[in-house]
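Engineer: Turn this into a model:
(2 chains)
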Amino acid sequence: MSSEPIIEIKNLYFQYDSSQPTLENVCLTIHRGQSAGIIGPNGGGKSTLLKLLLGMLTPQRGTIRIFGTDPVSARPKVGYMPQYHQLDAAFPISVNEVVLQGTLRRGFWGRYSAENRRVAAAALEEMGIAHLAERSFADLSGGQRQRVLIARALACSPELLLLDEPTANIDPGAEEQFYATLDRLSRKLTILTVSHDLGFVNREVGLLICVNRQVSLHDAADFDQDTANRIYRHGMHMIHHNHACFCGCTETGENSECGEACHD
Amino acid sequence: MIELFRDLALPEMGFMRCALLIGLLGSVAMGVVGTMVVTRRITSIAGAIAHAVLGGVGAALYLQRVNGIDWCSPLLGAALGAVAAALLIGLVSIYAREREDTVIGVVWALGMSVGLLFLDKTPGYVDFQGYLFGNILLLSRPDVYLTLLLDVVVLVPTVLFFNNLLAVSFDSCFAELRGVRVKLIYLLLLVLTALTIVLMVYVVGIILVIALLTLPAATAGCFARRLWSTMVLAVIACWLFVTSGLLGSYYWKLPSGPVIVVIAAFVYIIALIFNSVRRKRA
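Structural biologist: As a prediction, the model looks like this:
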C-alpha cells in the first residue's frame, strides 16, 4: 500500500445561501488504498462533502485536490454510486444499458465500442450480476439495483470509488456476499462509503470520517459507543426534527433553507 | 363506415387526405419526442411552449396584415415563439434551477396573453378556435413537406445521440460527471420538443398538445421495457390515435382535436388496466 495522497482537503468552508456554514474548517487527507466510511447525522454535511469531492459544488474557502488536481479534472478517475431512490424506478432501460453509462467520456459520440462493452461486462461480472444484464432495471429488487449502480461506477475504471449508502435496502441474506464484494474491491481501489449503518462501516473500513459541520477522523478500531453517542445523539434529534427538510434537499441537491434548518 | 372511405376518394376531400398524411408522418416526431418528454418528466414545459405558440402566431399575423410583411406566416411565428419559449425555460432552469416552475408558469400565461393582444389588434378574421382546439383545415400540401422535414430534424439527432440522450434522461447527474454535455443535450431536447409542438398545435390545438404528447408515450410505457422500443410503440400509438380521431371527427361531425384525445385517453386507460392485471398475475 503506497502512501500517495489521493484526496487532500485543506481548510475548507462551504455554505449554501444560509448564514450558517454547512462545513467548516475541514482538513482531510486520504491515501491510496485507505478505504474509509463517511458517517454522521442527517444534515451534518455528508452529502455536501460528497458533492464537493465530485466537483458538483465549489467551496467558498479552502482547497480540494484529488489525484493532485481539482475535482472536476479528476472526475474521469472517480466512480460514483448515487442512492438509487434518486432515480426514476420505472425508467425503461436494461441493466446493461445502465452499466455502459459508466464508460461514457467527454467527446463520446454516439456508439459504445467493443472495449466499452467488455469493460461493462467485466463490471457486471465483478458484482455477480452478469445474469441480469438483459433484464429491465425497473424489474429488479432494491439490492440488485444497488449492485447495478456499483457496477456502473466500476465501469468508469475508477481509482477512487464513492458510494452513497450502498447498504440501504440491501436484500436480507445478501449482506455477507455484498460485504465480501466490497472487501475484494477495497484491495484494488480506494473506496469512500457514506453510510448510516455503523455496523457495516465498523467491520468494513479502517478509517471513519465523521461529518457534522466539522470533520473528525477516527480509527475504526477505537470507535466505541462513547464516540458514537457523541456524534449521533445530537444527530438523532435532528433526523426527527428536520426529516422533511432533508428529503427535499437530497432530491434537488439545492438547499437554501436546509443549511439553516438543519443546524437550528 | 364504407361511405367514409368512399368519401375519402372524392376530389374535394383533398384536405382530409392531406391531414391523414400529415398525421402519419407527424406521428414519428410526436411519438419520439413525446417519449423523451414523458421519461424526462418535462410535460409542464411542453405545456408552456404550446401556449407560447399563440404569442408567435398572433405576432406573425399582426405583422403580416398590419405591416404587410408577407413572409411572416403564422407557422413561422409559431415556430419562433415555441423555440424562444423553449430556450428561455431551458436557460433559466440550467442557471437558476429553483425558479424553473415559476418561469414555466410565466411563459405559459404570457405567451397566451401576447397572442390574444396581437389577435385583438389584427384586422380580419382569425380562426382563434382553430389554434386552441386544432383545425386540420389550417394545414395544406406544403405542410406535408414541412412535417417530413420535422421528422428528419427530430430523428437524426435522436439516432446519433441516442446513448447520450438515454444517459442524460436516466441520470443526468451521473452523465455530467462522465463528461457528457448535459446542458447542450437538454437544450437540444427542448428545441426538438418546441418544433414538434408547433405541428401538434395544428393537429390537436394548443390546449390538447400535452395529451397528444404524453398519452402515446404513456400507453407505450405500459408495454415497452426499453427507451427505443417505447419510442417505436409511441409512434404507432400516436398514428393510430390521430388517424382514428381524424376519421371519427369527420364521420361524427365533431372537432378533431377532442376526438383524438378522447380515443387516446380511452386506449391509455385500457392499457393501464391490462398492465395492472398482468402484474397481479405475475
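
Engineer: Quick one: name the residues of the stretch 151-282 of chain B near chain A.
Structural biologist: Within the stretch 151-282 of chain B, the positions adjacent to chain A are B:160-164, B:166-167, B:169-171, B:173-181, B:221, B:224-227, B:229-230 by C-beta under 8 Å from any C-beta of the partner chain. Where C-beta positions appear, they are placed from N, C-alpha and C, glycine not excepted.

Engineer: List only buried entries from those residues.
Structural biologist: When those are checked for burial by 16 or more other C-beta atoms under 10 Å in any protein chain shown, the buried set is B:161, B:163-164, B:166-167, B:169-171, B:173-178, B:180-181, B:221, B:224-225, B:227, B:230.

Engineer: got a pLDDT number for residue 182?
Structural biologist: Unless you meant another one, I'm taking chain A. Here, the pLDDT recorded for A:Leu182 equals 83.

Engineer: if you could check chain B rather than the one you did, that'd help
Structural biologist: 91.

Engineer: Could you check how far the closest residue to it other than its chain neighbours is from B:Leu20?
Structural biologist: Excluding the flanking residues, the one nearest B:Val182 by C-beta to C-beta, 6 or more residues apart in numbering or on different chains is B:Glu176, at 4.4 Å. As for B:Glu176, its distance to B:Leu20 is 43 Å (criterion: C-beta to C-beta, to the nearest Å).

Engineer: Correct me if wrong, but the residue nearest to B:Val182 is in a helix.
Structural biologist: Yes - B:Glu176: assigned to a helix according to DSSP: H, G, I helix; E, B strand; the rest coil.

Engineer: shouldn't it be in contact with B:Ile185?
Structural biologist: No - B:Glu176 is beyond contact range of B:Ile185, at 9.9 Å (criterion: C-beta atoms under 8 Å).

Engineer: residue in chain A nearest to chain B?
Structural biologist: A:Arg106 (3.1 Å; C-beta to the nearest C-beta).

Engineer: So what does that residue have for phi and psi?
Structural biologist: With angles defined as degrees, to the nearest 10, A:Arg106 sits at phi -60, psi 140.

Engineer: do A:Asn212 as well
Structural biologist: Residue torsions, per degrees, to the nearest 10, at A:Asn212 are phi -150, psi 80.

Engineer: What residues does residue 111 make contact with?
Structural biologist: Picked chain A for this. B:Asn163 (C-beta atoms under 8 Å, 6 or more residues apart in numbering or on different chains).

Engineer: wrong one, I was asking about chain B
Structural biologist: B:Ala48, B:His51, B:Ala52, B:Val53, B:Leu54, B:Gly55, B:Gly56, B:Gly81, B:Ala85.

Engineer: mind giving me CSV with those residues and columns for secondary structure?
Structural biologist: Below are the contacts of B:Gly111 laid out as CSV (three-state DSSP):
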residue, secondary structure
B:Ala48, helix
B:His51, helix
B:Ala52, helix
B:Val53, helix
B:Leu54, helix
B:Gly55, helix
B:Gly56, helix
B:Gly81, helix
B:Ala85, helix
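
Engineer: As TSV, the residues you listed with pLDDT, distance to A:Thr63 and neighbour count would be great.
Structural biologist: Listed next are those as TSV, based on pLDDT from 0 to 100; distance: C-beta to C-beta, whole Å; neighbours: other C-beta atoms under 10 Å in any protein chain shown:
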residue	pLDDT	distance to A:Thr63	neighbour count
B:Ala48	95	42	27
B:His51	94	48	25
B:Ala52	95	45	31
B:Val53	94	49	30
B:Leu54	93	52	25
B:Gly55	94	49	27
B:Gly56	95	49	27
B:Gly81	95	47	26
B:Ala85	95	42	28
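
Engineer: so who does the residue nearest to A:Ile66 when sequence neighbours are not counted touch?
Structural biologist: Of all residues not flanking A:Ile66 in the chain, A:Ala74 sits nearest, at 3.9 Å (C-beta to C-beta, 6+ apart). Contacts for A:Ala74 (C-beta under 8 Å, 6+ apart) come out as A:Gly55, A:Ile66, A:Phe67, A:Leu160.

Engineer: Go through the residues you listed and say which is closest to B:Ala264.
Structural biologist: Within the contacts of A:Ala74, the smallest distance to B:Ala264 is 43.9 Å, found for A:Gly55 (C-beta to C-beta).

Engineer: pLDDT score for the residue nearest to B:Val182?
Structural biologist: Value listed for B:Glu176 in the pLDDT field: 93.
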